[in-house]
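A.B. asks: Have a look; sequence and predicted model below, questions after that.
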Amino acid sequence: MAHRDPRRLSRRQFAVLGTQLAGAVVAVLLGIPIVGFLISPLFRREQVVWREVGDIARVPDAEPTKFDVSFPQQAWTQVDIKAAVYVVKRNGNTRVFSNVCSHMQCPVRWETTLGQFLCPCHGGLYDMDGTNVGGPPPKPLPQFVHRIDGTTLFVQNRFTEEI
Amino acid sequence: MVRRLGAAYNWFDERTAIRSLLRKGLYEAVPVRGAWFYTLGSATLVLILLQLITGIFLTLLYVPSVTEAWASLNYLKAHDAFGSIVRGIHLWSAYILLFVIGLHMVRTFFSGSYKRPRELNWVTGVGLFLLVLVMAITGAFLPWDQAAYWTAVVVTNVPSYTPVIGPFLRALWRGGDFVGPITLSRSFGIHVWLIPAILFPLIGAHLALLRKHGEFGSYINYRGAYRSREGVDVPPAPVQRPIEPPYPAVPTDELWAAPLETEDFYPHQTFKDGVISAALVVLVFILAVAIGAPLEAIADPSTTSYTPVPEWFFLPLDELLVLVPQQLIPLVLVLPAGGVLLLLALPFIDRGPERNPFERPAVMVPGAFAVLFVVILTLLGSGRLFNL
């Protein structure tokens, strides 16, 4: 066998490297668009809209009152989706809560007999100010970004704080 | 005519070696004693194939879209009696599959079948169990009725309590901050393509390993069972059958290498497998016709009267969500993740040759407590939700 310079690639080593390189090229060219496709919704700005909830002049004091409002479903879907809005007037303040529990996002309801918001999934409780007062919820009840023109309430399809 | 068929078979065999393939597939040596317990694996496979077949046919109608999913299944319910049965079979065989796969795991755990050289049979089995769970969870989202919607909301919210990357994981599954159109598309894709594309090759690996090492059975099939009993002689080592040599594939403790008494897989084990699987399919069919698959009102995020109830297989985790206090919510992820890691590590922790469950208290007792823990969580959860 002829003397071979060990610093030079053998025919076999060249073929091994070439095979691995071919695999790497395919993996990268497929991987980049697929991973980008998977995470792209995370970077897309969701469409933020104002929606009229209604006249809240007749909402009684210290009595959470439920309204329904329609929001876009996001992505490509044209049909709106309903969301629940709890309006609470107390001591001259108006708070606008969502029915989304801060624990596992189950639908919270106002229980008149308890005088508290109750989450039926895992027994979370919030008082009239939305403070989490019992059960597993780690944060207060989310509030909608809102404005009041005269006595007409408008809300945005986003919360004042991330949940 | 018969001669012609014989000639055609020979022609086919010459090109495909079908004869030796069938022979290899059917005439494996399997342990004789306790063989009714060894039907759970084939029952699991039959139920998974039932899922595959009914699932394929359900896609001929179902539309994975937030505006159409519920409507398409409502149409099925109202206008298609046979289609409703297909959907009923899909649902009930999934429920029974989860139950049977659990029994299969308990049987394997009890009999110590996961020991050398079968560690990877167990590891692939744990993988299959987890994939089946993902199938069950994503499948539960698809009808987009109230039950499906709130299951999707709660389940996709669980990963959000992962430290640091939690909100990212939630958004990745949902395709946004909230459950919506992309959530349904993604969960549908995961359910019909992504997981099956991993699940079925993994079943192939699980079965290839089974064939490589042979069905273990349990300690009663082996000389090792006689060793510790006083006044009982250890029987002589079994004579290896010439036809198929799975025992022992790898030199291992000679007392546990090959079962004392074996018989052919076909037709002796296939008979038992067939009886159990057919009985389960009959049960599934009866449940599918008599009860069917429910469809509640269409998903409504604004509800303040609907009480979400988790799928029964999600009950232990749901009860954890109730019991874990607000400062420790990540425990809901840590406990199941720890359980999965322990399951995967089991064959590498319990490595002694002993297979008799009564001689392995160090494994059987913690295992029993783990099962008891899950059962208690399930009972607490059912008591809370159904006022039992």
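C.D. replies: Structure received. Predicted model only: the values in this text are computed from it and were never measured.
A.B. asks: Tell me how far B:A152 lies from B:L377.
C.D. replies: 22 Å (CB to CB, to the nearest Å). C-beta here means a position set from N, CA and C on the backbone, and glycine is covered the same way.
A.B. asks: neighbour count winner among the two?
C.D. replies: B:A152 (24 against 19; other CB atoms under 10 Å in any protein chain shown).
A.B. asks: That one in helix, strand or coil?
C.D. replies: Recorded secondary structure, B:A152: helix (DSSP: H, G, I helix; E, B strand; the rest coil).
A.B. asks: B:F82: how many residues sit nearby?
C.D. replies: Neighbourhood size, B:F82 [other CB under 10 Å]: 9.
A.B. asks: Just the pLDDT for B:P236.
C.D. replies: Reported pLDDT at B:P236 in the predicted model: 80.
A.B. asks: now B:E244
C.D. replies: On the pLDDT scale, B:E244 gets 50.
A.B. asks: Low-confidence stretches in the stretch 201-350 of chain B?
C.D. replies: Applying pLDDT under 70 to the stretch 201-350 of chain B flags residues B:228-230, B:239-252.
A.B. asks: Contact partners for the residue lying closest to A:I81 once chain neighbours are set aside?
C.D. replies: Nearest residue to A:I81 in three dimensions, chain neighbours excluded: A:Q73, at 4.7 Å (CB to CB, 6 or more residues apart in numbering or on different chains). When the contact criterion is CB atoms under 8 Å, 6 or more residues apart in numbering or on different chains, the partners of A:Q73 are A:79-81, B:66, B:180-181.
A.B. asks: For B:L283, state which of these is nearest.
C.D. replies: B:V66 (33.9 Å; CB to CB).
A.B. asks: name the element that closest one belongs to?
C.D. replies: Following DSSP states H and E, there is no helix or strand that holds B:V66.
A.B. asks: go on, A:Y86?
C.D. replies: Going by DSSP H and E, A:Y86 is part of strand A:81-90.
A.B. asks: Can you show me the CA trace of stretch B:187-204 as CSV?
C.D. replies: The C-alpha trace of stretch B:187-204 is given here as CSV (Å, rounded to 0.1, in the frame of the first residue of the first chain):
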residue,chain,number,x,y,z
SER,B,187,-55.0,19.5,17.6
PHE,B,188,-56.6,17.8,14.6
GLY,B,189,-53.3,17.6,12.8
ILE,B,190,-51.6,16.2,15.9
HIS,B,191,-54.5,13.7,16.4
VAL,B,192,-54.7,12.3,12.8
TRP,B,193,-51.1,12.7,11.5
LEU,B,194,-48.4,13.7,13.9
ILE,B,195,-49.0,11.2,16.7
PRO,B,196,-50.1,8.2,14.4
ALA,B,197,-47.0,8.8,12.4
ILE,B,198,-44.9,8.1,15.5
LEU,B,199,-47.3,5.7,17.2
PHE,B,200,-47.5,3.0,14.5
PRO,B,201,-43.8,2.7,13.8
LEU,B,202,-43.3,2.5,17.6
ILE,B,203,-45.9,-0.3,17.7
GLY,B,204,-43.7,-2.0,15.0
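A.B. asks: do that stretch and chain A meet?
C.D. replies: No - on the criterion CB under 8 Å from any CB of the partner chain, stretch B:187-204 is out of touch with chain A, staying 10.7 Å away.
A.B. asks: and that stretch, which residues are buried?
C.D. replies: Buried residues in stretch B:187-204, counted by 16 or more other CB atoms under 10 Å in any protein chain shown: B:187-188, B:190-192, B:194-196, B:199, B:203.
A.B. asks: measure A:W76 to chain B for me?
C.D. replies: A:W76 sits 6 Å away from chain B, going by CB to the nearest CB, to the nearest Å.
A.B. asks: Confirm that that residue sits in a strand.
C.D. replies: No - according to three-state DSSP, the state of A:W76 is coil, so it is not within a strand.
A.B. asks: can I assume it is in contact with B:P181?
C.D. replies: Yes - between A:W76 and B:P181 there is a contact at 6.5 Å, judged by CB atoms under 8 Å.
A.B. asks: Among those two, which residue is more densely surrounded?
C.D. replies: Between A:W76 and B:P181, counting by other CB under 10 Å, B:P181 is the more crowded of the two (20 against 9).
A.B. asks: For the stretch 1-150 of chain B, list the residues in contact with chain A, please.
C.D. replies: Residues of the stretch 1-150 of chain B that fall close to chain A, judged by CB under 8 Å from any CB: B:65-67, B:150.
A.B. asks: Which of these are buried, as a PyMOL select command?
C.D. replies: Buried residues among the residues of the stretch 1-150 of chain B next to chain A (16+ other CB under 10 Å), as a PyMOL selection:
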select buried, chain B and resi 65+66+150
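A.B. asks: and which of the residues of the stretch 1-150 of chain B next to chain A is nearest to A:P41?
C.D. replies: B:V66 (14.7 Å).
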